[in-house]
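In: following is a predicted model, sequence given first.
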Amino acid sequence: MRAIVVSESGGPEVLKAGERPDPVPGAGEVLVDVAASGVNFIDVYHRTGAYAQSLPYVPGVEGAGTVAAVGDGVADFAVGDRVAWSNVPGSYAQRAAVPADKVVPVPDGVGLEDAAAALLQGMTAHYLTRSVHEVKAGDTVLVHAAAGGMGLLLTQVSKAAGARVIGTASTPEKKRTARDAGADEVLDYDGFADRVRELTGGEGVAVVYDGVGAPTFDGSLASLRRRGVLALYGAAGGKVPPFDPQRLNAAGSLFLTRPTLAHYTVTREELLERAADVYGWIASGELELHIGHRYDLADAATAHADLEARRTTGKLLLIP
């Protein structure tokens, strides 16, 4: 099969296309013909060595496709089933062997490309707006990188819950994309905290969803209302340096959390519930996906370069 292999940590150029033996499903695994693989910033962290990986490895932690074979002990899936997964390595390939307990069914009415595009980011938006801070009608929320794959989903889910959404974006085109997704206001990054205060009558927002990290962290804290929540779910712009937690007290008894999807899908039941909600939103039209670009598998390096340079909006997919 064709696959991307990383043999050393580094820039996008270490993503090398090549031939690999077809995987064989072990006990408790399903073999999937991959229809689409999601490109996520965690793939960049893996590639650069920020999150250490055993080398060599096939990157990619999200995909969707059709079951081609099942290993011993698998009872919930059969050949021909349409499935998706996240937080499992090896999806930048034409075939992947995936633990069956990490696989979710893709319902009728949801295409496999949409299934791959939505699962990791969709479930992240789900736990951020339902569990980290339950967004309610009347809340005002701040969504950074509002035109990105995560930002567009967070905006839509928050609006559906009745919130007012303030977004940030770096270009006029990205601002239009965020507004089209429902953002009430879209700000430049420069001086965004002061503008948030103006827009909220000095009160601040209930929650900031920040996947940018170092460049926005101080402004995110300064944008919060008393007892507000900063959900720092990523660091696409760089790691936040150590800081004095006394700042949280002085700014109004703020809450800071650094959550990750794996801790919000610990049980099989929780995984299935979040995935079913996300796919239900897509099937009903409540959640609209924006696939910014589809790349051939061999162009994985270009996909990573585009993602890191912020040349894209929405979700990026590799099509094996």
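Out: Yes, it's here. Numbering: from 1, shown residues only.

In: can we go C-alpha only for contacts and neighbour counts from here?
Out: Noted.

In: any chance you could list what contacts the top strand by length along the chain?
Out: If you go by DSSP state E, the chain has its longest strand at strand 29-39. Residues from elsewhere that reach strand 29-39 (C-alpha atoms under 8 Å, 6 or more residues apart in numbering): 23-25, 60-72, 74, 77, 91-100, 112-113, 116-117, 303-304, 315-320.

In: swap in 7 Å and give it another go.
Out: 24-25, 60, 62-71, 74, 91-92, 94-100, 112-113, 116-117, 316-320 (C-alpha atoms under 7 Å, 6 or more residues apart in numbering).

In: what's the answer for stretch 184-198, then?
Out: 164-170, 175, 203-204, 219-220, 222-223.

In: please parse this protein into its domains.
Out: According to automatic domain parsing, the chain comprises the domains 2-119+267-319, 136-258.

In: with mean pLDDT and distance to residue 129 added, can I get the ones you listed in JSON lines?
Out: Shown next, in JSON lines, are these (pLDDT from 0 to 100; distance: least, C-alpha to C-alpha, whole Å):
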{"stretch": "domain 2-119+267-319", "mean pLDDT": "96", "distance to residue 129": "12"}
{"stretch": "domain 136-258", "mean pLDDT": "97", "distance to residue 129": "7"}
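
In: any chance of the ones you listed in a markdown table, with distance to residue 130 too?
Out: Below are those laid out as a markdown table (distance: least, C-alpha to C-alpha, whole Å):
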| stretch | distance to residue 130 |
| --- | --- |
| domain 2-119+267-319 | 10 |
| domain 136-258 | 9 |
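
In: which among those domains is found nearest to residue 127?
Out: Nearest of these to residue 127, taken as C-alpha to C-alpha: domain 2-119+267-319 at 7.8 Å.

In: how far does the closest one sit from its chain's centre?
Out: 12 Å (C-alpha atoms, centre = their mean, to the nearest Å).

In: can you give me the end-to-end span of it?
Out: Start-to-end span of domain 2-119+267-319 (C-alpha to C-alpha, to the nearest Å) is 11 Å.

In: before we move on, back to that, which among the contacts of strand 29-39 end up buried?
Out: 25, 60, 62-71, 74, 91-92, 94-100, 112-113, 116-117, 316-320 (16 or more other C-alpha atoms under 10 Å).

In: restricted to helices, list those residues.
Out: Taking DSSP state H, the ones among these that sit in helices are 112, 113, 116, 117.

In: tell me the buried residues in stretch 71-91?
Out: Neighbour-count burial for stretch 71-91 flags 71, 74, 77, 81-91 (criterion: 16+ other C-alpha under 10 Å).

In: how much space between the most centrally placed residue in the chain and residue 261?
Out: Residue closest to the average C-alpha location in the chain (C-alpha atoms, centre = their mean): residue 121, at 3.0 Å. Going from residue 121 to residue 261 by C-alpha to C-alpha gives 9 Å.

In: same deal with residue 153?
Out: 15 Å.

In: so if I had to pick from the two, which one is more boxed in?
Out: residue 153 (28 against 19; other C-alpha atoms under 10 Å).

In: which SS class is that one?
Out: helix (DSSP: H, G, I helix; E, B strand; the rest coil).

In: on that earlier part again, right, and out of the buried residues of stretch 71-91, which lies closest to residue 252?
Out: Looking across the buried residues of stretch 71-91 and measuring by C-alpha to C-alpha, the closest to residue 252 is residue 87, at 35.2 Å.

In: identify the residue spatially nearest to the closest one, adjacent ones excluded.
Out: In space, and not counting its chain neighbours, residue 87 is closest to residue 61: 4.9 Å by C-alpha to C-alpha, 6 or more residues apart in numbering.

In: how many other residues sit next to the one you found?
Out: Neighbour tally, residue 61, other C-alpha under 10 Å: 20.
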